[in-house]
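>>> below are the sequence and a predicted model for it; my questions follow.
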Amino acid sequence: AADHRRLLKSYMKALFRHVKLAVDYKLSDSMTYRDRINNALSFWFGDSFSPGKATQECHAPKVLSIIIYLATSGRVTVGQDEIHEVMQKGLQAKNANYTVNDEALTKHKVS
């Protein structure tokens, strides 16, 4: 579950960067890495994925698939197994920065 929480945070940051929206959420220098992930998810999704309170499974590809479906008013369905086409990881293996693949969006008729 923690891996999916981290992955969902990376996906959301990439989406916000892609549509040129601020990725602002309040951070404190004293926060741990896990606290920063929890804080970002709480900022974007409320209590939906709060540790210990979550009523929903935090499965990053599933969540992103639903976000694309909702963002296109149900016109586009990108399967969970296809999310890796839309979201591409940075070149370095340790790099958790993802980018949105414009060609994959075009393939799925998302503009």
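Structure's in. What do you need?

>>> which helices and strands sit right next to the longest helix seen in the chain?
For the chain, the helix that runs over the most residues, judged by DSSP state H, is helix 2-18. Counting by 3 or more C-beta pairs under 8 Å, 6 or more residues apart in numbering; DSSP states H and E, the packing neighbours recorded for helix 2-18 are helix 33-45, helix 60-71, strand 98-100. The way it works is simple: take the backbone N, C-alpha and C, and place the C-beta from them, glycine included.

>>> ok, and what's touching that helix?
With contact meaning C-beta atoms under 8 Å, 6 or more residues apart in numbering, helix 2-18 is reached by 22-23, 34, 37-38, 40-41, 44, 49, 58-60, 63-64, 67, 83, 87, 96-100.

>>> circling back to that earlier point, could you dump the helices and strands packed on helix 2-18 into a markdown table with distance to residue 5 and mean pLDDT added?
What follows is the helices and strands packed on helix 2-18, written out as a markdown table (distance: least, C-beta to C-beta, whole Å; pLDDT from 0 to 100):
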| stretch | distance to residue 5 | mean pLDDT |
| --- | --- | --- |
| helix 33-45 | 5 | 86 |
| helix 60-71 | 8 | 92 |
| strand 98-100 | 14 | 90 |
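
>>> would JSON lines of those with distance to residue 78 and mean neighbour count be doable?
Shown next, in JSON lines, are the helices and strands packed on helix 2-18 (distance: least, C-beta to C-beta, whole Å; neighbours: other C-beta atoms under 10 Å):
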{"stretch": "helix 33-45", "distance to residue 78": "19", "mean neighbour count": "16"}
{"stretch": "helix 60-71", "distance to residue 78": "5", "mean neighbour count": "17"}
{"stretch": "strand 98-100", "distance to residue 78": "12", "mean neighbour count": "18"}
